[in-house]
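Colleague: Using only what follows, build the 3D model:
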Amino acid sequence: MNRFRYFDFNGATPLLLLIARLALVALYFIFGLPKLINFSGTVQYMTMLSAPLPVLAAAISVLAEVLGAVLIAIGFFTRPIALILALYTIGTALIGHTYWRMTGDMVEPNMINFWKNISIAAAFILLIITDPGRYSLDRR
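Modeller: Numbers count the residues shown, from 1 in each chain. All right, here's what the predicted structure looks like:
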């Protein structure tokens, strides 16, 4: 039975799942690659955020954003990686976008980024529920 029978879009569901996976992780790859290239700057940023163990936090950030993005894009170990990225994204929201502790001009952009992260985490959860689709290594 086709779980997507109500939303089949004339057989386009596998392609739409691929597009959704690529769109979901594009932001991670775009911002993760510079973190990898300038790893020392990433460590400094983690230190500025008062992240625990800044070198480890920077390494986790790079692994999640670069390797995690590539794995989701190609659909390899999609469900466990999506779970890891959902938890990572919630963690970054709680560490990096604490708008409730801020005042002035910093509140609004951090509130937007906090809730953006929560929305992205929800999209990863939806990916866990749906599966990566036909165009993925998980299906091979």
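Colleague: Any buried residues in stretch 131-140, and which?
Modeller: 131-133, 136 (16 or more other C-beta atoms under 10 Å). In short, each C-beta sits where N, CA and C put it, glycine included.
Colleague: Off-centre distance for stretch 20-34?
Modeller: Mean-position distance between stretch 20-34 and its chain equals 7 Å (C-alpha atoms, centre = their mean, to the nearest Å).
Colleague: Tell me the buried residues in it?
Modeller: Buried residues in stretch 20-34 (16+ other C-beta under 10 Å): 20-21, 24-25, 28-29, 32.
Colleague: and these, which of them are in helices?
Modeller: 20-21, 24-25, 28-29, 32 (DSSP state H).
Colleague: host element of the residue nearest the centre of the chain?
Modeller: Residue closest to the average C-alpha location in the chain (C-alpha atoms, centre = their mean): Leu85, at 5.0 Å. Here Leu85 sits within helix 78-96, counting by DSSP states H and E.
Colleague: quick one: contacts of that helix?
Modeller: The contact list for helix 78-96 (C-beta atoms under 8 Å, 6 or more residues apart in numbering) reads 21, 25, 28, 49, 51, 60-61, 64, 68, 71-72, 113-114, 117-118, 120-122, 124-125, 127-128, 131-132, 136, 138.
Colleague: Could you pick out the buried ones from those?
Modeller: Among the contacts of helix 78-96, the ones that count as buried by 16+ other C-beta under 10 Å are 21, 25, 28, 51, 60-61, 64, 68, 71-72, 114, 117, 120-121, 124, 127-128, 131-132, 136.
Colleague: Keep only those of those residues that are in strands.
Modeller: Among the buried ones among the contacts of helix 78-96, no member falls in strands (DSSP state E).
Colleague: Return the subset of these lying in helices.
Modeller: Per DSSP H, the buried ones among the contacts of helix 78-96 map to helices at 21, 25, 28, 60-61, 71-72, 114, 117, 120-121, 124, 127-128.
Colleague: quick revisit: any chance of the buried residues of stretch 20-34 in a markdown table, plus pLDDT and distance to Met106?
Modeller: Shown next, in a markdown table, are the buried residues of stretch 20-34 (pLDDT from 0 to 100; distance: C-beta to C-beta, whole Å):
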| residue | pLDDT | distance to Met106 |
| --- | --- | --- |
| Ala20 | 95 | 32 |
| Arg21 | 96 | 33 |
| Leu24 | 96 | 27 |
| Val25 | 97 | 27 |
| Tyr28 | 96 | 24 |
| Phe29 | 94 | 27 |
| Gly32 | 96 | 24 |
